[in-house]
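Visitor: my questions are about this predicted structure, shown below with the sequence.
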Amino acid sequence: MVEPVYSSAAADEPDRPNPDVSPESGEKGSRRKKKAPKKQRPFWIELPILIVIALVLAFVFQQFFARVYTIPSGSMETTLHGCDGCYGDKVLVDKLTYDFTDATPGDVVVFKGPQPWVENEAPTQRSSNSFIRFFQDVGSVFGLAPPDERDFVKRIIATGGQTVQCCDAQNRVLVDGKPLNEPYIHWEDPGHPVQDSFDPVKVPDGEVWVMGDNRNNSMDSRYQGGGGVNGAVPVGNIIGKARFIVLPPSRWGGVSDTDPQASTGAEALGAPDWQQGLPVAFGAVAAWPTLAASRRVGRSVRSSRRSRSSRSSRRKRR
């Protein structure tokens, strides 16, 4: 006779997963609840952040790479437009070029006026209202208002060691006795294309001789500081090379850097594709990737912290 076998409930029960055991590690631990994804900041909060990032990037760009300048007068007509009290051209000035190359004849440059040029000149007027003056200062940084310092824009005609004078029988400027080819000259009176003559001047080493394209309406090396060697500009005063007209839109284009001493006189546009653009546009374009990158870094840091916290918790339970 077979005796009945009494089953053990605990033994016959199917294996059930232990809620205190982690399926991956087999270690005891509490189940972790999945955290809900962090909500993205609303656009009205992100917009000011983007604006601040864009302005900071634009400021850095203009301080070290390029800057927008307003043309305050008509001395460079018609290459660059400008007049007292009007909306002049705004040009992008390349600050890096002369860190690697020398200034050459034909370059249109922005420079700080040397002492003989500015000793009798008053700085750009600022409003007596401190609130308005603040916005004028901010605007000058971004090229939206004239800078406070005495900056000038002219074209280099001759460099250190060369002798410049005016004029030959055809009313052309001479450098080292050779006439210049200057297709950029603007005559306010086309019926009388005659420019003022001046005696030969040997440009000191490390300096340049500059003149305006609006030849009869430009206070340049011929007159500043009384003329002669006092009118030359030290190379160290050059801020950069005018590359591109950025405003108004109807004037978009490169700034000609025709070498007047070249035999062909061929005109070239001095704005490579990679250098054409607005600093503020650069800041605006770069702001979004910068913000996105900061988000990824933040998520990575938070994930790393959670992972370390989890490992530390498991070690404590052991």
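Guide: Sure thing, it's come through.
Visitor: look up how far Gln165 lies from Lys202.
Guide: Here the criterion is C-beta to C-beta, to the nearest Å. By it, Lys202 lies 10 Å from Gln165. Yep, even glycine has a C-beta here, placed from its N, CA and C like the rest.
Visitor: which residues sit in contact with Asp102?
Guide: By C-beta atoms under 8 Å, 6 or more residues apart in numbering, the contact list for Asp102 reads 159, 235.
Visitor: assumed it was part of a strand.
Guide: No: with DSSP: H, G, I helix; E, B strand; the rest coil as the criterion, Asp102 is located in coil rather than a strand.
Visitor: can you read off the pLDDT for it?
Guide: The predicted local confidence for Asp102 comes out at a pLDDT of 93.
Visitor: low-confidence ranges in the stretch 201-318 of the chain?
Guide: 263-318 (pLDDT under 70).
Visitor: got any ranges where the stretch 1-150 of the chain has weak pLDDT?
Guide: Residues of the stretch 1-150 of the chain that meet the cut-off, pLDDT under 70, sit at 1-39, 41, 43, 58-64, 84-87, 120-149.
Visitor: which phi and psi values does Val229 adopt?
Guide: Comment: the main-chain dihedrals of Val229 come out as phi -60, psi -20, following degrees, to the nearest 10.
Visitor: can you give me the helices in this protein?
Guide: All helices of the chain, identified by DSSP state H, fall at 9-12, 43-64, 97-100, 115-118, 130-141, 279-317.
Visitor: I figured Ile238 hits Thr101, correct?
Guide: No: in this structure Ile238 lies outside contact range of Thr101 using C-beta atoms under 8 Å: 11.7 Å.
Visitor: which of the two has more neighbours?
Guide: Ranked by neighbour count (other C-beta atoms under 10 Å), Ile238 and Thr101 place Ile238 first, with 21 against 10.
Visitor: check contacts around that one.
Guide: Residues in contact with Ile238, defined by C-beta under 8 Å, 6+ apart, are 98, 103, 109-111, 208.
Visitor: how about 6 Å then?
Guide: Applying C-beta atoms under 6 Å, 6 or more residues apart in numbering, one finds that Ile238 lies in contact with 103, 109, 111.
Visitor: cool, and Asp151?
Guide: By C-beta under 6 Å, 6+ apart, the contact list for Asp151 reads 110, 112.
Visitor: for it, give its distance to Gly113.
Guide: Counting by C-beta to C-beta, the gap from Asp151 to Gly113 is 7 Å.
Visitor: neighbours of Val109, how many?
Guide: When neighbours are counted by other C-beta under 10 Å, Val109 registers 25.
Visitor: just give the closest residue to it, not the sequence neighbours.
Guide: What sits nearest to Val109 in space, not counting adjacent residues and going by C-beta to C-beta, 6 or more residues apart in numbering, is Ile238, at 5.1 Å.
Visitor: partners of the one you found in the sheet?
Guide: Following DSSP bridges, Ile238 is listed with bridge partners Phe111.
Visitor: how near is it to Asp259?
Guide: In this structure, Ile238 lies at 17 Å from Asp259, with C-beta to C-beta as the measure.
Visitor: do the same with Lys178
Guide: Relative to Asp259, Lys178 is positioned 12 Å away (C-beta to C-beta).
Visitor: between those two, tell me which one has more neighbours.
Guide: Between Lys178 and Asp259, counting by other C-beta under 10 Å, Asp259 is the more crowded of the two (18 against 12).
Visitor: my read: the more buried one touches Pro105, true?
Guide: Yes: Asp259 is within contact range of Pro105, at 5.4 Å (criterion: C-beta atoms under 6 Å).
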